[in-house]
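K.L.:
Here is a sequence with its predicted model. Questions after.
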Amino acid sequence: MGPILLALGLAVLAWVLVVGDLLRRHRPVWHWYVVGYPVTACRVLATWRKVAMLNDLAVSRRPPRGLLGDLVVKGDPLRPVAPRFSFPRATRMGLTVTVRLHAGQTPATYMKAADALVHAWKVHAVRVTSPERGFVLLTATDSDPLERPGLATAPAELLSALIGVLESGGAWVMNLRLVPHWLIAGATRSGKSTLLARLITQLSGQPVALVGIDCKGGMELGLFAERLSALATCRREAVAVLSALVVDMQDRMSACRSAGVRSIWELPDKLRPVPVVVIVDEIAELYLSDGTRESKAEAEQCSTLLLRLAQLGAALGLHLVVAGQRVGSDLGSGVTALRAQLAGRICHRVNDPGTAEMALGDLNKDAVAVAQSITAEERGVAICTGPDGGWSRARSHLTPTEEAVSTARKHAAMTPELPVISHALAVLEGDDK
């Protein structure tokens with residue numbers, strides 16, 4: 001019986017290992033809940049005290065002292081006391097631990113200890129946040145979902161685009177109804193153009209008007225011209241398009257005022273104007289000047305018109321998505337004023353700290369540091385903000401150019417006409433002749 005039982009036990013063990021490997025490769029979430037989470041949770045509980053002591057997270061209580069006649073009697077020797085923490089709670093591909101801070105402690109101490117926690121718990125990463133005073137939330141992820149982002153799922157909503165996956169494993173969604181205007185920064189070959197292609201692909205099948213401004217002669221956005229209601233390929237055309245949009249914005253204001261509502265979304269469907277998403281590729285081209293009077297005037301016009309659309313357009317269905325390799329205060333004070341109106345931020349790998357600071361510095365200094373750590377090999381990886389004001393690492397879904405162009409062409413029949421812009425561009429063309 002002994003050899004038979006041993007053989008049976010080995011067969012069962014082999015079967016468990018095979019099934020576990022299949023789960024890990026094909027159903028990683030199931031594998032995490034069944035195997036990964038229990039093991040990691042035990043590891044957290046077993047190592048917490050030691051890790052806290054070695055990384056200055058524990059504090060030493062003052063030993064009790066007492067008087068016995070004329071003698072001073074000391075209590076037990078000093079014993080470090082680790083912070084109290086909650087039982088690890090499972091998430092989709094990781095776990096969270098809430099820690100109560102000792103008096104005088106700050107979250108910065110835990111941020112410094114994040115790498116030590118990663119090694120002690122044998123996880124991919126540990127992120128430290130402070131949801132309320134006196135507590136920190138440690139979020140551990142078992143693996144890096146950005147290595148193979150795949151395609152997460154998200155509910156289909158108007159003006160909502162599924163871009164990729166967040167570091168937590170959840171869907172990365174740009175919802176223009178929640179966050180109406182976005183700033184996207186990224187160096188060449190960082191993934192910025194791929195993200196814009198993904199955004200256009202997601203919006204092209206929706207009843208929205210897409211307006212492109214690409215002052216590099218339309219090299220990027222010109223690929224999707226069949227789905228664009230208008231495309232400006234130089235700054236003169238950009239001034240005409242933006243001016244027409246401001247006129248259209250005033251008409252929308254009048255419609256809302258006449259109906260006694262505060263946004264176009266409160267209007268009846270028959271009276272509601274089509275939402276417009278303005279995509280600007282390489283914002284610096286609109287702000288740079290060659291020193292001539294005409295060039296300076298055009299740059300100032302672009303700055304003023306973009307700022308007006310950003311300040312007033314959200315409730316009127318006018319949305320801005322502004323992208324650029326270099327976004328800094330050296331482009332002029334207008335860029336800083338515009339940045340303040342663009343609540344959504346996405347920062348890929350950048351060539352200079354100033355651009356990362358401009359994109360994320362007014363929101364979170366930690367996000368700036370993480371953005372600057374993105375390497376050239378991590379194409380598509382970015383730091384993005386969420387509707388709750390927080391930030392996360394994320395990676396956009398790779399949409400090949402051919403697929404994006406094909407999708408735009410497929411939905412070309414859905415392209416709304418914007419007569420006010422068509423008229424402005426026709427007048428400009430007539431003036432040139």
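P.N.:
Happy to help now that I have it. Worth saying up front: this structure is predicted, and the values here are computed from it rather than measured. Numbers count the residues shown, from 1 in each chain.

K.L.:
mind showing which ranges of the protein have poor pLDDT?
P.N.:
Along the chain, segments meeting pLDDT under 70 span 1-27, 61-78, 145, 147-155, 431-433.

K.L.:
Please enumerate the helices of it.
P.N.:
If DSSP state H is used as the criterion, the helices of the chain fall at 2-26, 28-31, 37-54, 107-112, 114-121, 192-203, 235-259, 284-287, 293-312, 333-341, 353-360, 365-372, 401-410, 419-432.

K.L.:
Please identify the most buried of the ones you listed.
P.N.:
helix 192-203 (a mean of 25; mean count of other C-beta atoms under 10 Å). The way it works is simple: take the backbone N, C-alpha and C, and place the C-beta from them, glycine included.

K.L.:
How about residues contacting that helix?
P.N.:
Applying C-beta atoms under 8 Å, 6 or more residues apart in numbering, the contact partners of helix 192-203 are 159-164, 174, 184-186, 210, 220-221, 223-224, 227, 277, 279, 281, 321, 323, 325, 346, 348, 379-380, 382, 396-399, 401, 403-404, 407-408.

K.L.:
where's it relative to the chain centroid, distance-wise?
P.N.:
Here helix 192-203 is found 14 Å from its chain centre; the criterion is C-alpha atoms, centre = their mean, to the nearest Å.

K.L.:
Helix 401-410 and that helix, what's the angle between them?
P.N.:
Angle, helix 192-203 to helix 401-410, by axes from the mean of the first three to the mean of the last three C-alpha atoms, to 10 degrees: 30 degrees.

K.L.:
So which of the helices of the chain is nearest residue 390?
P.N.:
helix 365-372 (9.2 Å; C-beta to C-beta).

K.L.:
domains of this protein?
P.N.:
49-59+78-143, 160-432 (automatic domain parsing).

K.L.:
Distance to residue 34 for these - can I get that in a markdown table?
P.N.:
Shown next, in a markdown table, are the domains of the chain (distance: least, C-beta to C-beta, whole Å):
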| stretch | distance to residue 34 |
| --- | --- |
| domain 49-59+78-143 | 11 |
| domain 160-432 | 16 |
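
K.L.:
Nearest to residue 43, out of these?
P.N.:
Ranking those by their distance to residue 43 (criterion: C-beta to C-beta) puts domain 49-59+78-143 first, at 5.4 Å.

K.L.:
Spit out the contact partners of the residue nearest the centre of the chain.
P.N.:
Of all residues in the chain, the one closest to the mean position by C-alpha atoms, centre = their mean is residue 384, 1.9 Å from it. Taking C-beta under 8 Å, 6+ apart, we find residue 384 in contact with 166, 172, 344-347, 391-392, 394.

K.L.:
about what we covered before: including distance to residue 95, could the helices of the chain go into JSON lines?
P.N.:
Below are those laid out as JSON lines (distance: least, C-beta to C-beta, whole Å):
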{"stretch": "helix 2-26", "distance to residue 95": "17"}
{"stretch": "helix 28-31", "distance to residue 95": "13"}
{"stretch": "helix 37-54", "distance to residue 95": "6"}
{"stretch": "helix 107-112", "distance to residue 95": "16"}
{"stretch": "helix 114-121", "distance to residue 95": "9"}
{"stretch": "helix 192-203", "distance to residue 95": "30"}
{"stretch": "helix 235-259", "distance to residue 95": "47"}
{"stretch": "helix 284-287", "distance to residue 95": "43"}
{"stretch": "helix 293-312", "distance to residue 95": "40"}
{"stretch": "helix 333-341", "distance to residue 95": "36"}
{"stretch": "helix 353-360", "distance to residue 95": "27"}
{"stretch": "helix 365-372", "distance to residue 95": "21"}
{"stretch": "helix 401-410", "distance to residue 95": "36"}
{"stretch": "helix 419-432", "distance to residue 95": "51"}
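
K.L.:
and of those, who's closest to residue 133?
P.N.:
Closest approach to residue 133 among those is made by helix 107-112 (10.0 Å; C-beta to C-beta).

K.L.:
still on that earlier bit, just the ones of the contacts of residue 384 in strands?
P.N.:
Mapping the contacts of residue 384 onto strands (DSSP state E) picks out 166, 172, 344-347, 391-392, 394.

K.L.:
hmm, back to that, selection in ChimeraX covering whichever of the contacts of residue 384 are buried, please.
P.N.:
Of the contacts of residue 384, the buried ones go into a single ChimeraX selection, burial set by 16 or more other C-beta atoms under 10 Å:
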select :166,172,344,345,346,347,391,392,394
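
K.L.:
Show the buried residues in the contacts of helix 192-203.
P.N.:
159-164, 174, 184-186, 210, 220-221, 223-224, 227, 277, 279, 281, 321, 323, 325, 346, 348, 379-380, 382, 396-397, 399, 404, 407-408.
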